[in-house]
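In: Show me the folded form of this:
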Amino acid sequence: MRRRRARTRDTEDSAIDLTPMLDVVFILLIFFLVTSTFVKETGIDVRRASAITAEPKERASILIGISEDGEVWVDRRRVDPRAVRAHIERLLAENPKGSVVIQADERSENGLLVQVLDHARLAGALDVAIAARVAGP
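Out: Numbers count the residues shown, from 1 in each chain. Here you go, the predicted structure:
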C-alpha cells in the first residue's frame, strides 16, 4: 500500500501551473494591438489618376472617397456632398492635427472634387491632399 500512495503524490505534485504563461501571452497580445497600425479605407474602391509628381503620404487620419458615379464616402459611410463639412468638423474635433486625403476616381467630376475640397478647408482642415498613383517616368 505504501507504493500506491507514493505514486499519487507524484502525479499531484507534477501539475504545471499555466497562469504565468497566460499572463505573458496576454501581455504580448496587448503589446501587438497597441503597436500595430491599421489601414484606413474610404469604403469604396477608387481608381486614382496617375501623376508623375505624386508623393507618398505617411499618415492620413481622414479619408474621403469620390466614386465615378458621384458618391462621396467618409469613414466607410456614404455621405451627401453637402454634409461633408459637418463630418470633417466632427472628425477634426476628435483629432485636431488630422490631415484630409481625398481619393477621387479618375472618372469622377472635377466639380464634385472641388466642392469636397472646399468643404474640407471650410471645416478647418489645414492639410488637405488629393491622392494619386505614382506614374512612371
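In: Low-confidence bits of this protein, can you list those?
Out: Scanning the chain for pLDDT under 70 picks out 1-13, 37-43, 45, 52, 58-60, 136-137.
In: show me where it has strands.
Out: 50-51, 62-66, 72-74, 77-79, 100-104, 128-130, 133-134 (DSSP state E).
In: helices or strands next to the first one in the packing?
Out: Which is strand 50-51. strand 133-134 (3 or more C-beta pairs under 8 Å, 6 or more residues apart in numbering; DSSP states H and E). Every C-beta, even on glycine, is put in place using the N, C-alpha and C of the backbone.
In: The fourth one now?
Out: Applying 3+ C-beta pairs under 8 Å, 6+ apart, we find strand 77-79 packed against strand 72-74.
In: Paired strands for the strand it packs on, with orientation please.
Out: strand 62-66 (antiparallel), strand 77-79 (antiparallel) (DSSP bridges).
In: and among the ones you listed, the most buried is which?
Out: Among the strands paired with strand 72-74, the stretch with the highest mean neighbour count (mean count of other C-beta atoms under 10 Å) is strand 62-66, at a mean of 25.
In: Run through who's touching it.
Out: 40-44, 46, 72-75, 84, 88, 91-92, 95, 98-105, 108, 112-113, 116, 120, 125 (C-beta atoms under 8 Å, 6 or more residues apart in numbering).
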